[in-house]
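Chemist: Predicted model and sequence below, questions to follow.
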Amino acid sequence: MSKRIVIAGWMLVMGLVAGTCLSAQAQGTSIGPSGLKVPRFVSLKSDRVNVRGGPSTDHKVKWIFRRAGLPVEIVHEFENWRQIRDSEGEEGWVYHSLLSGRRTALISPWQTAGTLVSLRKDPTEEAGVTAKAQIGVQVDIKECENGWCEVSVRNYSGWLKSNLLWGVYPNEEVN
């Protein structure tokens, strides 16, 4: 095989790799050391999760989460540590084993307290209402498609527009 063909092949492979990386950056995502996309939403695995100022136990605890299942967004990874952001925009570092891939969300935590949203029987505005939920309620996400998410909380389930949830990205599909 000629040296030119090998070099041309190598350049093609490098171009494809660079194109994939640029495509991920253009979408605002990259692949972290875990092999998973960053940013991404996860939830807290435990009722007590220390959030630290940096990626090691040498860093001070900034605050403690006391609610298992709460959604958080992983914005950066360093070895076994994940920099997370909560629904209020606060950031800190959590050890990876304290996080779960289980998808949860908060209903419109940015809206006025006491506001109710309607869970729909089907993913359309015209569908009947199955339940009403207050803002800030934590829900489990069953699936998301076409800008709607099927959610459940206690014995109730229904569909909400994904833009009413903190814990999913716009137009994200969750299966």
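Modeler: Received, thanks. Numbers count the residues shown, from 1 in each chain.
Chemist: mind checking how far the spatially most central residue of the chain is from V137?
Modeler: With the centre of the chain defined as its mean C-alpha position, the nearest residue by C-alpha atoms, centre = their mean is F41, 1.3 Å away. For F41, the distance to V137 (C-beta to C-beta, to the nearest Å) stands at 17 Å. Where C-beta positions appear, they are placed from N, C-alpha and C, glycine not excepted.
Chemist: if you skip the residues just before and after it, what's nearest to N50?
Modeler: Among residues not flanking N50 along the chain, V61 sits closest, at 4.7 Å (C-beta to C-beta, 6 or more residues apart in numbering).
Chemist: Count the residues that sit near V137.
Modeler: 17 (other C-beta atoms under 10 Å).
Chemist: Tell me who's in contact with it.
Modeler: Residues near V137 by C-beta atoms under 8 Å, 6 or more residues apart in numbering: 106-107, 153.
Chemist: let's go with 6 Å and repeat that
Modeler: 107, 153 (C-beta atoms under 6 Å, 6 or more residues apart in numbering).
Chemist: which sections of this protein are below the confidence cut-off?
Modeler: Within the chain, the ranges that satisfy pLDDT under 70 run 1-27.
Chemist: Could I get the full set of helices for it?
Modeler: Using DSSP state H, the helices of the chain run over 3-26.
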